[in-house]
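Chemist: any chance you could fold what I've pasted below:
(one chain, ligands or ions: 2)
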Amino acid sequence: MVAVVAAVLVLAASILIARWWRDSPTGAAFVAEFPGAVAPPPGTPEGFPAWLSWTHFLNGFFLLFIVSSALHLRSKARPIAFVTRRNRLPRTANPPKRLGLHTWWHLVVVVLWIATGLVYVALLLVSGHWARIVPTEWSVVPNAISAGVQYLSLDWPAHTSWAYYNSLQVLFYGATVFVAAPLALATGLRLSPVWPERWMRNHGPLSDAWARQTHSLVLWFYLAFTVVHVGLVLLTGARRNLNAMYLGIDDGESWLGAVVFAGSVIVMAVAWVLLRPHAQVAIAERVADVRRMPVAPR
Ligand code: HEM
Ligand code: HEM
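Modeler: Ligands and ions are numbered 1, 2, ... in the order given. The predicted structure is shown next:
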């Protein structure tokens, strides 16, 4: 409760400071010189192709399960079952390790998430869309500060997403795809049973503690990013943003994108209810050896 009140007070103070600075001669001159966005190199495509809508949806869909299994893992509660891979494909010299249900499910969904990510990054590269989320000149830094001040002063930066994102979006989208995801993968592989024991250490980046802390940091980054990202998508012209991302059309009037978005949330909610831990055990039993744990007496 104290933390919530403190956060609201800090936010209110930041809004007042941002408004005051924007109205000061220095602030006004800065925003005039750096309006908050840098046009990408000529030839960068505009708009939102269908592959972007689909990979963006699948990313959120899989992250829902990655994050919920991650929160189960962090709670350290005893899983309701243990899963051991059958040593067929791939066949390994060492016998497969027994995994708690949440670790197994985390890894199953991670494989699907990584596959989606690889398709997305490959299409970003071949289509030229990569230049929409990767900074190509240093002026994105002052422009990102300018966009940040404009958001905070509640006088939003110019909305140019169809043609190109503002610099703050470029930095955060780029970091989400090209920093946070590879960091999750590297530290996750270090924690996973595929990591060879001879490459483990007691201290430093190859240690358990370091990998676990960095891996959890990615979780907090994704959660904070998603809250702010979805909040801003809805506050800064929800209909235009949702039409762009969910239908690939540049339209600020139609409600269709909002309807498709609502449908996608329902799909995620239904999948989440259908794929609770007991259903995960049933799936695991089809492909692996499963040991269900007896229910603790009340
Ligand atoms: C990208 C590929 C990923 C791999 C290979 C991976 C793998 C793993 C593994 C092996 C564990 C250890 C489970 C155990 O202790 O039994 C783990 C735990 C965890 N994972 Fe991931 N993971 C990945 C992505 C993610 C992502 C994207 C997030 C967050 C959004 C995440 C959040 C967590 C958290 C919070 C834990 C628990 C850490 C703790 O014990 O405190 N993982 N992951
Ligand atoms: C489910 C709720 C979500 C909604 C409604 C949503 C909506 C959007 C919209 C409308 C855009 C285009 C931005 C604009 O027009 O200004 C966008 C871009 C983006 N979103 Fe989301 N988003 C959601 C969840 C997420 C999550 C969970 C992540 C990752 C953790 C994410 C990562 C991104 C990235 C990286 C881009 C830039 C993609 C590109 O252009 O290549 N989004 N999102």
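Chemist: grab the nearest non-local neighbour of His72.
Modeler: Spatial nearest neighbour of His72, excluding adjacent residues (C-beta to C-beta, 6 or more residues apart in numbering): His102 at 4.2 Å. Every C-beta, even on glycine, is put in place using the N, C-alpha and C of the backbone.
Chemist: by contact count, what packs against the helix or strand encompassing that neighbour?
Modeler: Assigned by DSSP states H and E, His102 falls within helix 101-127. On a contact count with 3 or more C-beta pairs under 8 Å, 6 or more residues apart in numbering; DSSP states H and E, helix 101-127 meets helix 50-75, strand 81-85, helix 181-191, helix 277-287.
Chemist: who's in contact with the last one?
Modeler: This means helix 277-287. Helix 277-287 is contacted from outside by 72, 79-81, 83, 86, 101-102, 104-105, 290, 292, using C-beta atoms under 8 Å, 6 or more residues apart in numbering.
Chemist: of those residues, select the buried ones using a ChimeraX command.
Modeler: Buried residues within those, by 16 or more other C-beta atoms under 10 Å, are selected in ChimeraX with:
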select :72,79,80,81,83,101,102,104,105,290
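Chemist: next, the angle from the helix holding His102 to strand 81-85.
Modeler: Helix 101-127 and strand 81-85 are oriented at 50 degrees to each other (axes from the mean of the first three to the mean of the last three C-alpha atoms, to 10 degrees).
Chemist: and helix 101-127, does that touch ligand 1?
Modeler: Yes. Under the criterion of C-beta under 6 Å from any ligand atom, helix 101-127 makes contact with ligand 1 via 103, 106, 110, 114.
Chemist: mark which of the residues you listed are buried, thanks.
Modeler: 103, 106, 110.
Chemist: ok, the second one touching Leu73?
Modeler: When you say that, I think you mean His106. Yes. Applying C-beta atoms under 8 Å, one finds His106 in contact with Leu73, separated by 6.6 Å.
Chemist: and the closest residue to ligand 2 within the stretch 51-200 of the chain, how many residues sit next to it?
Modeler: Residue of the stretch 51-200 of the chain nearest ligand 2, by C-beta to the nearest ligand atom: Ser161 (3.4 Å). Neighbourhood size, Ser161 [other C-beta atoms under 10 Å]: 22.
Chemist: what kind of secondary structure is it in?
Modeler: Counting by DSSP: H, G, I helix; E, B strand; the rest coil, the backbone at Ser161 sits in coil.
Chemist: could you find the closest non-adjacent residue to it?
Modeler: Leaving aside its sequence neighbours, Ser161 sits nearest to Ala244 (C-beta to C-beta, 6+ apart; 6.3 Å).
Chemist: ok, Gly248 touching Gly47?
Modeler: Yes. If you go by C-beta under 8 Å, Gly248 and Gly47 touch, sitting 6.6 Å apart.
Chemist: need the buried ones among the residues of helix 101-127 next to ligand 1 in a markdown table (columns: distance to Phe261 and pLDDT).
Modeler: As requested, these are exported to a markdown table (distance: C-beta to C-beta, whole Å; pLDDT from 0 to 100):
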| residue | distance to Phe261 | pLDDT |
| --- | --- | --- |
| Thr103 | 32 | 97 |
| His106 | 27 | 98 |
| Val110 | 25 | 98 |
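Chemist: quick check, nearest of these to Thr26?
Modeler: Using C-beta to C-beta, Val110 comes nearest to Thr26 of these, at 47.3 Å.
Chemist: now do the contacts for the closest one.
Modeler: Counting by C-beta under 8 Å, 6+ apart, Val110 makes contact with 62, 66, 188.
Chemist: among those, which ones lie close to ligand 1?
Modeler: 66, 188.
Chemist: would you mind checking the contacts of Val110 for buried ones?
Modeler: Among the contacts of Val110, those classed as buried by 16+ other C-beta under 10 Å are 62, 66, 188.
Chemist: host element of Arg291?
Modeler: strand 288-292.
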